[in-house]
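Colleague: Below is the structure, and that's it, no one-letter string:
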């Protein structure tokens, strides 16, 4: 759930919301918005066909992979721990 909330929402709507605000004439006040979503995260889609994030909550024995091609959808699947 946390991956879907944090990465899924960002990947799905963060850039769109940023661009909509710029188009609405709020560029001056909202230019810092993209920094809140992580420029590094978005730039990965500029150089890669697919971005995978493997994450495990502290203290958990389960890990999950969030994967997206940056075209509006993503997948989350369990990852076996070694």
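Modeller: Arrived safely, thanks for sending. Fair warning: this is a prediction, and the values are worked out from it, not measured in the lab.

Colleague: okay, CA-based contacts and neighbour counts for the rest of this
Modeller: OK.

Colleague: Now residue 45: which helix or strand?
Modeller: Taking DSSP states H and E as the definition, residue 45 sits inside helix 39-47.

Colleague: Buried by neighbour count: which residues of that helix qualify?
Modeller: Using 16 or more other CA atoms under 10 Å as the burial criterion, the residues of helix 39-47 that qualify are 42, 45.

Colleague: On the C-terminal side of it, identify the next helix or strand.
Modeller: Next element after helix 39-47 (DSSP H and E): strand 51-56.

Colleague: List the neighbouring strands of that next one plus their orientation.
Modeller: Note on strand 51-56: by DSSP bridges, its sheet partners are strand 63-68 (antiparallel).

Colleague: Tell me which residues of the strand it pairs with come out buried.
Modeller: Buried residues in strand 63-68, counted by 16+ other CA under 10 Å: 64, 65, 66, 67, 68.

Colleague: mind listing what the fourth one touches?
Modeller: For residue 67, the set of contacting residues under the criterion of CA atoms under 8 Å, 6 or more residues apart in numbering consists of 50, 51, 52, 53, 74, 75, 76.

Colleague: list the contacts for the first one?
Modeller: Spelled out, it's residue 50. 67, 68, 69, 70.

Colleague: and the residues you listed as CSV, adding pLDDT and distance to residue 4?
Modeller: Listed next are the contacts of residue 50 as CSV, based on pLDDT from 0 to 100; distance: CA to CA, whole Å:
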residue, pLDDT, distance to residue 4
67, 92, 11
68, 89, 12
69, 89, 15
70, 84, 14
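
Colleague: Quick check: residue 62 touching residue 56?
Modeller: Yes: counting by CA atoms under 8 Å, residue 56 is a contact partner of residue 62 at 6.2 Å.

Colleague: Any chance of the buried residues of strand 63-68 in TSV with distance to residue 46 as columns?
Modeller: Shown next, in TSV, are the buried residues of strand 63-68 (distance: CA to CA, whole Å):
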residue	distance to residue 46
64	23
65	20
66	17
67	15
68	13
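
Colleague: Pick out whichever of those residues sits closest to residue 43.
Modeller: Nearest to residue 43 among the buried residues of strand 63-68: residue 68, at 13.3 Å, using CA to CA.
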